[in-house]
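[1] coordinates only, sequence not included:
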Ligand code: TYD
Ligand code: MG
């Protein structure tokens with residue numbers, strides 16, 4: 001029989017099928033089956049893979065950068081990460097014996113932040129992707145205390161379990177970097193396959209409970225799909241953290257989408273710098289540099305978790321020479337942007353059908369709330385009229401199809417933030433008042 005080129009994997013439960021179905025026969029989810037090339041799942045033999053397998057078959061290597069003093073490790077139910085922004089997102093701190101999925105796009109800074117975490121409170125770093133030497137170098141470069149690190153270089157869940165069995169009560173946290181390169185002999189399928197990822201995660205969660213260690217499981221997500229990735233692990237773990245940001249920008253946001261022990265609406269804000277990730281305190285969160293108004297610029301206040309954050313929205317409205325005028329939006333939802341341009345045309349009388357519209361948000365932040373509608377509209381108006389908006393004014397409000405401006409949640413908090421920074425939120429009832 002010919003080798004199967006593709007299989008279908010349920011994005012919800014991770015079961016694999018040879019045929020496509022509208023409903024997953026395993027978990028009952030509709031439309032969750034995605035076609036995946038068997039090569040992507042690692043069923044084809046690639047060079048890379050042999051290398052990883054060789055590493056597993058090789059000897060267990062534990063690189064100790066220093067010595068972890070057993071007596072200094074006190075196990076309590078909840079303990080602080082000692083990183084304020086991290087604690088904020090988790091609730092109070094790390095819950096003993098919990099399993100935390102730490103997900104994000106490759107290169108966003110997952111390993112960096114978790115290395116910093118271990119550097120601060122001490123623990124085991126399971127290096128599956130990078131060599132122990134690489135991690136060691138990073139520890140030095142970040143200026144962290146090497147005595148806080150034990151690095152276990154392995155891709156084998158079985159070896160890890162064995163190791164934890166022998167070192168009971170030594171560690172309060174362990175970082176597994178990453179789930180995609182871990183595998184177990186108990187299950188079939190090569191590294192990176194859905195069955196291995198599921199088995200590895202299941203075993204890690206068991207270990208967390210059994211040994212009372214909080215385990216941070218690193219998972220890469222890709223832009224275009226979560227197959228064989230963290231999505232299918234979300235149901236299994238206690239807490240799901242997402243680390244996000246524009247790779248070109250230096251701002252990073254830590255969010256939680258599930259938390260058995262705390263809130264899910266808090267975010268942590270960090271900046272990627274030469275010496276790793278630095279926490280951004282509330283006072284610093286203001287992203288506005290200068291006070292005077294510029295053409296095409298409007299200031300707004302969005303809520304990041306429970307904290308207000310002042311941002312600048314820029315618009316560029318120029319005459320279009322394309323049959324279909326361009327609509328390019330960075331940092332705001334595309335459909336919301338389309339809607340606001342339509343409202344601008346109707347309520348402000350701007351003939352946008354013959355203008356290209358570009359919108360961007362400073363700091364690479366993605367705005368997910370409608371409270372910034374009014375600012376987007378005001379920026380478009382300013383660019384079109386080639387006139388700056390009123391100085392020291394902040395635009396907050398959801399705009400309805402008819403151009404009415406609606407008050408949004410946390411309005412007072414946003415106003416307070418604006419006033420604190422020497423500005424004021426404009427109070428208008430209809431976008432026509434911008435004219
Ligand atoms: P990394 O933590 O390796 O990302 P992930 O584990 O999510 O794949 O970080 C990747 C990027 O971060 C890398 O391109 C370099 C940058 N970086 C810094 O800017 N400063 C630093 O101190 C470190 C360690 C990394
Ligand atoms: Mg990494």
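    Yep, it's here. Bear in mind the structure is a predicted one, so any value in this text is a computation, not a measurement. Ligands and ions are numbered 1, 2, ... in the order given.

[2] by contact count, what packs against whichever helix in the chain runs longest?
    Using DSSP state H, we find that the single longest helix of the chain is helix 194-211. Under the contact definition 3 or more Cβ pairs under 8 Å, 6 or more residues apart in numbering; DSSP states H and E, helix 194-211 sits against strand 99-104, helix 157-166, strand 214-220. Every residue, glycine included, has its C-beta placed from N, CA and C.

[3] That helix to strand 214-220, inter-axis angle?
    For helix 194-211 against strand 214-220, the angle by axes from the mean of the first three to the mean of the last three Cα atoms, to 10 degrees is 160 degrees.

[4] Burial check on residue 110, number of neighbours?
    Residues lying near residue 110 (other Cβ atoms under 10 Å) number 23.

[5] OK, contacts around the residue of the stretch 201-350 of the chain at minimum distance from ligand 1?
    Relative to ligand 1, the nearest point of the stretch 201-350 of the chain is residue 276 (4.0 Å; Cβ to the nearest ligand atom). Residue 276 sits next to 112, 113, 115, 116, 142 when contact means Cβ atoms under 8 Å, 6 or more residues apart in numbering.

[6] Could you restrict the residues you listed to the ones contacting ligand 1?
    Here is what survives when these are matched to ligand 1 using Cβ under 6 Å from any ligand atom: 112, 142.

[7] Of the contacts of residue 276, which qualify as buried by neighbour count?
    Among the contacts of residue 276, those classed as buried by 16 or more other Cβ atoms under 10 Å are 112, 113, 115, 116.

[8] got a markdown table for those, with secondary structure and distance to residue 7 too?
    Below are those laid out as a markdown table (DSSP: H, G, I helix; E, B strand; the rest coil; distance: Cβ to Cβ, whole Å):
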| residue | secondary structure | distance to residue 7 |
| --- | --- | --- |
| 112 | helix | 34 |
| 113 | helix | 34 |
| 115 | helix | 35 |
| 116 | helix | 39 |
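
[9] Pick the one among those residues closest to ligand 1.
    Of all these, residue 112 has the smallest distance to ligand 1: 3.4 Å, by Cβ to the nearest ligand atom.

[10] Just list whatever residues bridge to the residue lying closest to that closest one once chain neighbours are set aside.
    Excluding the flanking residues, the one nearest residue 112 by Cβ to Cβ, 6 or more residues apart in numbering is residue 276, at 5.2 Å. With DSSP bridges applied, residue 276 shows beta-bridge pairing to residue 273.

[11] and residue 276, what pLDDT?
    On pLDDT, residue 276 comes in at 93.

[12] Show me the shaky parts of the stretch 151-300 of the chain.
    For the stretch 151-300 of the chain, applying pLDDT under 70 flags the ranges 223-230, 282-291.

[13] quick revisit: quick one: the helices and strands packed on helix 194-211 as TSV, columns for distance to residue 34 too.
    As requested, the helices and strands packed on helix 194-211 are exported to TSV (distance: least, Cβ to Cβ, whole Å):
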stretch	distance to residue 34
strand 99-104	18
helix 157-166	26
strand 214-220	17
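
[14] To residue 399, which of these lies closest?
    Proximity to residue 399 (Cβ to Cβ) singles out strand 99-104 among the helices and strands packed on helix 194-211, at 32.3 Å.

[15] What helices and strands are in contact with the closest one?
    helix 110-121, helix 194-211, strand 214-220, strand 239-244.

[16] State the paired neighbours of that strand in the sheet, together with their directions.
    By DSSP bridges, strand 99-104 pairs with strand 214-220 (parallel), strand 239-244 (parallel).

[17] What are the contacting residues of the first one?
    In this case it means strand 214-220. With contact meaning Cβ under 8 Å, 6+ apart, strand 214-220 is reached by 94-106, 110-111, 114, 117, 172-180, 201, 204-205, 207-208, 229-230, 233, 237.
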